[in-house]
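Novice: Return atomic coordinates for the entry below.
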Amino acid sequence: MGDSNNKIQFTEHLIAQIKKNNSATLKELYILNYPKIENFVLKNNGNKAQAKDLFQEAFIVFWKNIKEDKFTVQNNSNLNGYLYTISKNKWMDYLRSSSYKKTVNDSTVIEFNTTDEHLTDNDDDILKEKRLENIMLAFKDLGEPCKSLLKMFYYEKKSLSYIAEVINVKENTIRNKKYRCMNTLRNMVLASKKN
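Specialist: I've put the predicted structure just below:
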């Protein structure tokens, strides 16, 4: 039982640090878990750019869920496994989505253009520049309706078709809006890095 108690105490310590937005802890969790997620995405019809985007999105959901006490410490639970599960589920949702099917049919990437300079190898500098921390801060300052749209899609896991129905617009309109909102968020992050 000693080992089990130690694991629980360590997990509780990590949770406390995440709730304090401890950048060292967030960075360590990111570095430790990203390679596994990238490997999973690459083995499941994805590329490195998509893996980076997916993991950033999953990490924000993970961070928010921890802060809102949606993760409970159990004997067999661990934060790394929880983050992996969120990432895996988000990717599987994407593979089942109409966006992915259209991407396959058109042989083009819809959600993010992989030639975007922010999605190339330069993105590996994310950790050095605390970009993850900046993403979290930028999201708080993101205006409406982008904030609500991204929250519904990433946090509440609503489909684009569902959101389109709620807002009473076409699904393509919502898809384009989501793309623009993500670009706005990305630009806010880049601007905060320059300041």
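
Novice: contacts, neighbours, all on C-alpha from now
Specialist: Fine.

Novice: host element of residue 143?
Specialist: Using DSSP states H and E, residue 143 falls within no helix or strand.

Novice: what separates residue 38 from residue 47, distance-wise?
Specialist: Noted for residue 38: a distance of 8 Å to residue 47, by C-alpha to C-alpha, to the nearest Å.

Novice: higher neighbour count, the two?
Specialist: Neighbour count, other C-alpha atoms under 10 Å: between residue 38 and residue 47, residue 38 has more, with 21 against 14.

Novice: List the contacts of that one.
Specialist: With C-alpha atoms under 8 Å, 6 or more residues apart in numbering as the criterion, the residues that contact residue 38 are 48, 51, 52.

Novice: I'd like to know how far it sits from residue 44.
Specialist: Look at residue 38 and residue 44: by C-alpha to C-alpha, they are 10 Å apart.

Novice: ok, and the closest non-adjacent residue to the spatially most central residue of the chain?
Specialist: Note on the chain: the residue nearest the mean C-alpha position is residue 57, at 1.0 Å, using C-alpha atoms, centre = their mean. Nearest in space to residue 57, with sequence neighbours left out and distances taken as C-alpha to C-alpha, 6 or more residues apart in numbering, is residue 154 at 7.2 Å.

Novice: Could you give me the buried positions within the lengthiest helix in the chain?
Specialist: The longest helix of the chain (DSSP state H) is helix 171-194. Going by neighbour count (16 or more other C-alpha atoms under 10 Å), the buried part of helix 171-194 is 171, 174-175, 177-179, 181-182, 184-186, 188-190.

Novice: Equivalent analysis for stretch 25-37, please.
Specialist: Result for stretch 25-37 [16+ other C-alpha under 10 Å]: buried residues 26, 27, 29, 30, 33, 34, 37.

Novice: what's around the closest residue in space to the first one that isn't next to it in sequence, how many residues?
Specialist: In space, and not counting its chain neighbours, residue 26 is closest to residue 18: 6.6 Å by C-alpha to C-alpha, 6+ apart. Burial of residue 18 is recorded as 20 neighbouring residues (other C-alpha under 10 Å).

Novice: What is the least confident helix or strand in this structure?
Specialist: Ranked by mean pLDDT, DSSP states H and E, the weakest helix or strand in the chain is helix 98-106, scoring a mean of 48.

Novice: what about the residue nearest to the centre of the chain, distance to residue 190?
Specialist: From residue 57 to residue 190 the distance is 16 Å (C-alpha to C-alpha).

Novice: From the contacts of residue 38, pick the one nearest residue 97.
Specialist: Nearest to residue 97 among the contacts of residue 38 is residue 51, at 16.4 Å by C-alpha to C-alpha.

Novice: residues near that closest one, how many?
Specialist: 22.
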